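**Q** Predicted model and sequence below, questions to follow.
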Amino acid sequence: MSTISVIEGSMAVAQAVKACRPGVIAAYPISPQTHIVEFLSQFVADNEMDTKYVRVDAEFSAASAVYGSSATGVRSYTASSSQGLLLMSEVLYAMAGTRLPVVLTGVNRTVSAPITIQPDHQDTMALRDTGLIQLHVENSQEAYATHIQAFKLAEDHDILLPVMVCMDGWILTHSFEPVKLEDQEKVDEFLPPFVPKYRLDTKNPLTYGAYADDEVPEFRLMMHFAQERAKEKIEKIAREYEAKFGDYFGGLIDTYRCDDAEIVMVAMGSVIGTLKDAVDKLRKENIKVGVLKVRSYRPFPGEEILSAVKGAKMVAVLDKSLSVGQGGPLATDVKAALANKQAPPVLGCIAGMGGRDMSMVLIREIIEKSQKAITTGKIPDIEYIALKRQYLE
Amino acid sequence: MKEIRIHGRGGQGSVVTAELFAIAAHQSGRYSQAFPYLGGGGERRGAPVQAFTRIDDKPIRIRSKIYEPDYVIVSDTTLIKLVDVTAGVKPGGMVIVNTEKDPMALGLPKELDIRTINATQIAVEKIGRPIMNTALMGAFAAFTGEFDIESIKAAISQKFSGAIVDKNVAAAVAAYEQVKSR
Amino acid sequence: MIGAVCKAAGSLQYKTGTWRDNRPEVTDKCNGCGICETFCPDSCITIENKKCIIDYDYCKGCGICANECVRKAIVMREERK
Amino acid sequence: MVLAERENLLAAGHRACPGCGAAIALRQILRALGRDTIVVSATGCVETFTSPYGMSAWEVPWIHSLFENSASVASGVHAALEFLREKSSVVVISGDGGTFDIGMGAMSGMFERKQNITYICYDNEAYMNTGVQGSSATPYGSSTTTTPAGKASFGKIQPKKDMPAIALAHDVDYVATASIAYPQDLMKKVAKTKEIYGPKYIQVHTPCTIGWGFDSSKTVEVGKLAVETGLVPIYEVEKGKPMVVKKVKNKKPVEEYLRFQTRFRHLLKEEQKDIANQIQAICDKNIERFGI
């Protein structure tokens, strides 16, 4: 029987990973990821997991170790955050390029400087082009489910790419809330043991990480094609999960009261729940708004977004990061997806960077700016939400 | 939805208190959410900290900070000088302070419902150390009626193990009964 | 194969013998001691019937075998002659 | 022993330069290790010349990912084998750049974890793959493209980093130096690693014809001279046992070694005599310190 208990978001992830039975975990501490790996270490220490936990000297080594273990044909997991993810980044490119189905948790936190431990999406955005599949979650239950789904997705022979489950640091990892933990037996039925397509094996010696010259474009493209195939699989696996466990959090995207919405707010991660509450409140004031959750950031669900926002008058995209010199990366992607199509205009809003709280006041500001853009027909390139002008001097 | 804000100091167990409230709410069949002040990595033992709990009859989606709490808990009176502990408290909201002093002697806004409990003394008596958070929880249950004492006891039993369970339960019950008997 | 994984020993299809300027030739003095085989960087020497055999498909003509042969049983000759 | 088997696990058709010392080392190392071995390589000459896509020279399972992480990748391979309860040897083969410099942190971590992994550094004393830039393994006085000799420079001003000493400071189970010029010694040492459980470090001196500047036929000869002058001491330290050093009966003056290579040629000029003397002093010190 599944059990529901009030646990920390980090524990929800650790429990999901445990249920997935990885053979190797390698990780390095970094806040706010730290609790996840501490819990997993304890599970191993208590013999609750048949797993080799490799304590490493840096995130760079953590990613490298799971690169090695995954290539040896063993289900492998790591987690990191912020600077740590960036330190891993060189390995993550290699991991995706070598098609190793590692699952990692990207606990979202901003990147120095200035140094801080506050959450936003700056870190995983920097890994956007690695080839990793990136799935964002809105709450602990979804984090739990998505890790289990992630292994199934990563290890599918049509995909074979690392999957990063992105969750907002602190806001999710350090929150306590009721989480339903599934039966091990049922998880085993949902997620069979890892069957590698290739592996390092002295009985069948293969060369991994070969040097390519002329073949590079095709190998990069094959990663892209795998991500294209992943679009269907993400939805399919989410539905399979629903059939098995009763929970569905969206496939590539999820929508909330978008059908007749004039303003659709597009966002990722932990802000989604707050936005849903805001939508209910605003709807009572006769403001027709809806929320579109981008669950899969890579592969990017351009078509799905287009069909969900078609009828709206304005698409307000909330970016918890800034591509300096360009704008919000999510807004940029949404604009690209809607370009050359019959689609509403897009207002890119930078909101919630560096842990700035996504309060109701702030969401109201987004809606007001969207309404103004609709009435005036003038759409600024970027709107900055809850900006504290005193720091700009 | 009911929202609780806890003011404490690093190392006093404010986050654990918030977590225990969330567990107690779950034990009593409600939804809950507890979280520390975002970040906190720069805060060390002794620094003023905050933790939050939300309780509702339906799943909780909102994740912003708590700006207008229904209840505030203050784990020691020295915090009143350092932090605006009553900021944003809803009209008629309750502030529970760990002190031996009279509520009116704390210099807090008169329009608020101020309650006091000497949780530290109860903790010293029942636990042997001045770890006051479970006593505060017992008092909170009695003052607010948000929890029955059984769900507080269940939360403590779920979170801890060994001898400290009984001691903490005893502290919570003692505080609960002290308030009830007033 | 995806991920640039590839099979063992595929290098055999690449004939490095075309790189060669000088060609080692084995004379009658060879007793098949194997020193040349041990030192050959290019895995192109085998010892058969107490004689070293050079695989000219792969020999790059570095000359180590001739230099290290204690019996001076290998001589280097210019490839174009 | 191993020589008799003559098993070749590095296929012909690889793209090393003619006379490559590292290729000689590879063949000997693999012969000593045998087929039940998984090799992890760092970026470098060996990685590049053995692994063109579809034309790999490796006959054992082999993996490369980056320059600085081969020790960490090996840690993961080892953990996976432990999980699978498989016993293949896990061996890192990395150049001096990937060992002494960019990969030293990862190697230190691997040593500290006490995993059963053999780390072999083929030491050609500079970044040869990228065009002979100086590394911390580059010897004193050597001219490279980033430590060039010039009007105001005699080449590298720092002595070679003592990597085996750093390995020993990790209290690893076996540390050895070797040279391709002494294949029996090298293969014996590599074979020994299979008998010792724990981290092991072997540093193999592998002359480079291009980077050092000598004729491709002279690779082994140069390697021998390095040992015979005392510049490259050959020894092994097995945990709990006294150090075993390769003795040299007729020691040669280091000038014979320097003369052979363009990287040291500038030191033969009269005005650089001091530097050549200092290199001789390094040899003399080695001879005394190790009892060569």
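**A** Received it, and whenever you're ready, just let me know what you need.
**Q** rest of the way, CA atoms for contacts and neighbours
**A** Will do.
**Q** Leaving out sequence neighbours, find the closest residue to residue 83.
**A** Defaulting to chain A. A:V111 (5.9 Å; Cα to Cα, 6 or more residues apart in numbering or on different chains).
**Q** oops, I was thinking of chain B
**A** B:P48 (7.9 Å).
**Q** hey, what's that neighbour bridged with?
**A** B:R9 (DSSP bridges).
**Q** Could you check the helix or strand hosting A:F219 against chain D for contacts?
**A** Using DSSP states H and E, the element containing A:F219 is helix A:216-245. No. Judged by Cα under 8 Å from any Cα of the partner chain, helix A:216-245 makes no contact with chain D; its nearest approach is 10.1 Å.
**Q** Now that helix: buried residues?
**A** A:219, A:222-224, A:226-228, A:230-231, A:233-235, A:237-241, A:245 (16 or more other Cα atoms under 10 Å in any protein chain shown).
**Q** ditto for stretch A:128-137
**A** A:T130, A:G131, A:L132, A:I133, A:Q134, A:L135, A:H136, A:V137.
**Q** Figure out the helix or strand that the fifth one lives in.
**A** A:Q134 belongs to strand A:133-136 when elements are defined using DSSP H and E.
**Q** Run through the neighbouring helices and strands of that strand.
**A** For strand A:133-136, the elements it packs on are strand A:163-168, strand A:296-298, judged by 3 or more Cα pairs under 8 Å, 6 or more residues apart in numbering or on different chains; DSSP states H and E.
**Q** Columns mean pLDDT on top of those strands, output as CSV?
**A** Shown next, in CSV, are these (pLDDT from 0 to 100):
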stretch, mean pLDDT
strand A:163-168, 98
strand A:296-298, 98
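**Q** Pick the most buried one from those strands.
**A** Mean neighbour count (mean count of other Cα atoms under 10 Å in any protein chain shown) peaks for strand A:163-168 among the helices and strands packed on strand A:133-136, with a mean of 30.
**Q** Can you tell me which residues in chain A are near chain C?
**A** A:96-99, A:205-210, A:212, A:219, A:222.
**Q** how about a cut-off of 10 Å?
**A** When proximity is defined as Cα under 10 Å from any Cα of the partner chain, chain A approaches chain C at A:94-100, A:160-161, A:197-199, A:204-212, A:215-216, A:218-220, A:222-223.
**Q** Filter those down to the buried ones and hand me the ChimeraX line.
**A** Isolation of the buried members of the residues of chain A next to chain C (16+ other Cα under 10 Å) is achieved in ChimeraX through the command below:
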select /A:94,95,96,97,98,99,100,160,161,198,199,205,206,207,208,209,210,211,219,222,223
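**Q** quick one: contacts for whichever residue of the stretch 51-200 of chain D sits closest to chain C?
**A** Residue nearest to chain C within the stretch 51-200 of chain D: D:M55 (3.9 Å; Cα to the nearest Cα). Contact partners of D:M55, counting by Cα atoms under 10 Å, 6 or more residues apart in numbering or on different chains, are A:207, A:210-211, C:6-14, D:11, D:13-15, D:49.
**Q** please redo it, this time with the cut-off set to 7 Å
**A** Neighbour list for D:M55: C:A9, C:G10, C:S11 [criterion: Cα atoms under 7 Å, 6 or more residues apart in numbering or on different chains].
**Q** picking that back up, count of residues packed around the residue nearest to B:V83?
**A** Around B:P48 sit 17 other residues, with neighbours defined as other Cα atoms under 10 Å in any protein chain shown.
**Q** With A:N286 instead?
**A** Neighbour count of A:N286, defined by other Cα under 10 Å: 9.
**Q** Report the separation between it and chain C.
**A** 53 Å (Cα to the nearest Cα, to the nearest Å).
**Q** what about that residue, is that helix, strand or coil?
**A** coil (DSSP: H, G, I helix; E, B strand; the rest coil).
**Q** which ones are touching it?
**A** Shown in contact with A:N286 (Cα under 7 Å, 6+ apart): no residues.
**Q** quick one, phi psi at residue 81?
**A** Using chain A. Main-chain torsions, A:S81, degrees, to the nearest 10: phi -160, psi 150.
**Q** wrong one, chain D
**A** Per-residue torsions, D:L81: phi -60, psi -40 (degrees, to the nearest 10).
**Q** State the distance from the closest residue to it other than its chain neighbours to chain A.
**A** Nearest non-adjacent residue to D:L81, counting by Cα to Cα, 6+ apart: D:K87, 6.7 Å away. Distance, D:K87 to chain A, by Cα to the nearest Cα: 10 Å.
**Q** do you know how far the residue of the stretch 51-200 of chain D closest to chain C is from chain B?
**A** Taken as Cα to the nearest Cα, the span from D:M55 to chain B is 51 Å.
**Q** Repeat that for A:P119.
**A** A:P119 is 8 Å from chain B, by Cα to the nearest Cα.
**Q** if I pick that residue, what's in contact with it?
**A** Applying Cα under 7 Å, 6+ apart, the residues contacting A:P119 are A:N108, A:R109, A:T110, A:D168, A:G169, A:W170, A:G354, A:G355.
**Q** cool, D:L258 as well?
**A** Listed by Cα under 7 Å, 6+ apart, the contact set of D:L258 reads D:F264, D:R265.
**Q** Now name the helix or strand holding residue 94.
**A** Since no chain was named, I'll use chain A. Here A:A94 is assigned to helix A:82-97, by DSSP H and E.
**Q** Switch to chain D, please.
**A** Per DSSP H and E, D:S94 falls inside strand D:89-95.
**Q** mind listing what that strand pairs with, with the direction of each?
**A** strand D:37-41 (parallel), strand D:117-123 (parallel).
**Q** Please produce a markdown table containing the ones you listed, extended by distance to A:P193 and mean pLDDT.
**A** As requested, those are exported to a markdown table (distance: least, Cα to Cα, whole Å; pLDDT from 0 to 100):
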| stretch | distance to A:P193 | mean pLDDT |
| --- | --- | --- |
| strand D:37-41 | 23 | 98 |
| strand D:117-123 | 27 | 98 |
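**Q** that older thread, what's the following helix or strand after the helix holding A:F219?
**A** Going down the chain from helix A:216-245, the next helix or strand is strand A:253-256, by DSSP H and E.
**Q** any bit of that next one sitting next to chain B?
**A** No. Applying Cα under 7 Å from any Cα of the partner chain, one finds strand A:253-256 separated from chain B by no less than 12.6 Å.
**Q** now could you export just the CA positions of that strand as CSV?
**A** Extracted in CSV, the C-alpha atoms of strand A:253-256 (Å, rounded to 0.1, in the frame of the first residue of the first chain):
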residue,chain,number,x,y,z
ILE,A,253,2.8,20.9,-20.5
ASP,A,254,-0.2,21.3,-18.2
THR,A,255,-2.9,23.9,-18.3
TYR,A,256,-5.1,25.5,-15.7
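**Q** list the buried ones in the helix or strand following it?
**A** Moving toward the C-terminus from strand A:253-256, the next helix or strand (DSSP H and E) is strand A:263-267. Residues of strand A:263-267 classed as buried by neighbour count (16+ other Cα under 10 Å): A:I263, A:V264, A:M265, A:V266, A:A267.
**Q** so what's the second one scoring on pLDDT?
**A** Meaning A:V264. Looking at A:V264, its pLDDT is 98.
**Q** looking at it, it is touching A:L318, isn't it?
**A** No. Taking contacts as Cα atoms under 7 Å, A:V264 lies outside contact range of A:L318: 10.5 Å.
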